[in-house]
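Q: Sequence first, predicted coordinates after that:
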Amino acid sequence: MCSLSKCSTASSCSDDDVIGGDKLRRGPWTVEEDSLLIYYISGHGEGRWNLLAKRSGLKRTGKSCRLRWLNYLKPDVKRGNLSPEEQLLILELHSKLGNRWSKIAQHLPGRTDNEIKNHWRTRVQKQARHLKIDSNSKQFQELIRRVWMPRLLQKVLENNNNNALFWDSSTHNSLEIQGAISNSLAAPPQINSSSPSRMSSSESSNISPVPQISKYLENPFCGFEPNNYYSHNSQNECYHVDNTSYQDVENLSSAAPVMGSAMENNYWLSGDLGYCLWNIYE
DNA sequence: AATAGGCGCAACCGCCGGTCC
DNA sequence: GGGACCGGCGGTTGCGCCTAT
């Protein structure tokens, strides 16, 4: 509630604005104000913002103090670009929670609702505008799930493969991120009918063990059929177990267990065409 | 070098729900 | 019960920086 008598926007307010006889400052915070707020909170703790605003000597509203602390000054506020993992999690959570930014922020330690909201508006909604699609439409939601999330997933896994052949759980301790990754592949596979039946067979290095016989689950990129069984030869070229020849071959470069999966035998397989979700057949 | 336009982000606004008296 | 106050939330604004022309 703006009780200032003569301002309509932040930029139009001056230091001469008055509340209750005191001059109130608005707009960007100075270093001195930040220091004062940090000093006061270090001595008295957070909360009771209106009282804090009065007693600290800051010529700011309680709301303004709260916002400055929570969004900027609080020590655990994480700064810098959102990682692909975080972006993926935001997309996943937004699909479930909608614009409930504070709820989404609770799942991203160190990130504020304001930051996530800004990210959504500047990055995600911008895409919708460019595509002339309503960002709340089913069509856009589908686009996010089918295109954007798999791309982010690819980035996440590429980063991961660069660091370690197998999934490094020490860098991905959030099961929620794992869940978001799994869910990002929940859409039915987009099988490209123009794809050649024999897939590319470039040299694959750093080949990791893959299950002898695996059940392909799902992936928006690959041409494998869900719930069919595949095996591989000594070069890690995959083939359908019903076929005698190596048809539908894809070179597989690495395998990583799906952490947090309800199915312990689920693996991500990294290959020429992207990433596949497999279940070890027993 | 100047300028216009776009973008990112900090900060503000208005509303709402909870709490206290 | 209801009014006042407060904190939290989502939406919006506008400033400053960057980039393209």
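A: Arrived safely.
Q: switch to C-alpha atoms for all contacts and neighbour counts from now on
A: Will do.
Q: Chain neighbours aside, what residue packs nearest to the closest residue to DNA strand B within the stretch 151-282 of chain A?
A: Nearest residue of the stretch 151-282 of chain A to DNA strand B (CA to the nearest atom of the strand) works out as residue A:152 at 16.1 Å. Once flanking residues are discounted, residue A:152 sits nearest to residue A:84: 5.8 Å by CA to CA, 6 or more residues apart in numbering.
Q: Am I right that the one you found is in contact with residue A:156?
A: Yes: with contacts counted by CA atoms under 8 Å, residue A:84 reaches residue A:156, the gap being 5.9 Å.
Q: how close does the residue nearest to residue A:152 sit to residue A:101?
A: Between residue A:84 and residue A:101 the computed distance is 18 Å (CA to CA, to the nearest Å).
Q: same check, this time on residue A:155
A: Counting by CA to CA, the gap from residue A:155 to residue A:101 is 24 Å.
Q: what about the two, which has more around it?
A: residue A:101 (20 against 15; other CA atoms under 10 Å).
Q: OK, contacts around the more buried one?
A: A:113, A:114, A:116, A:117 (CA atoms under 8 Å, 6 or more residues apart in numbering).
Q: Buried among the residues you listed? Make that a PyMOL selection.
A: For the buried members of the contacts of residue A:101, the matching PyMOL selection, counting by 16 or more other CA atoms under 10 Å, is:
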select buried, chain A and resi 113+116+117
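Q: on that earlier part again, measure the residue nearest to residue A:152 to DNA strand C for me?
A: With distances taken as CA to the nearest atom of the strand, to the nearest Å, residue A:84 is found 21 Å from DNA strand C.
Q: ok, that residue - contacts?
A: With contact taken as CA under 8 Å, 6+ apart, residue A:84 is in contact with A:152, A:153, A:155, A:156.
Q: Among the residues you listed, the buried ones, what's the PyMOL command?
A: Here is the PyMOL selection string for the buried members of the contacts of residue A:84, based on 16+ other CA under 10 Å:
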select buried, chain A and resi 152+153+156
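Q: So which of the contacts of residue A:84 belong to helices?
A: Applying DSSP state H to the contacts of residue A:84, the entries found in helices are A:152, A:153, A:155, A:156.
Q: just for the stretch 151-282 of chain A, where's the confidence low?
A: Counting by pLDDT under 70, the stretch 151-282 of chain A contains low-confidence ranges at A:157-282.
Q: repeat for the stretch 1-150 of chain A
A: In the stretch 1-150 of chain A, residues with pLDDT under 70: A:1-23, A:130-131, A:146.
Q: my guess is residue A:61 contacts residue A:50, does it?
A: Yes: under the criterion of CA under 8 Å, residue A:61 makes contact with residue A:50 at 6.6 Å.
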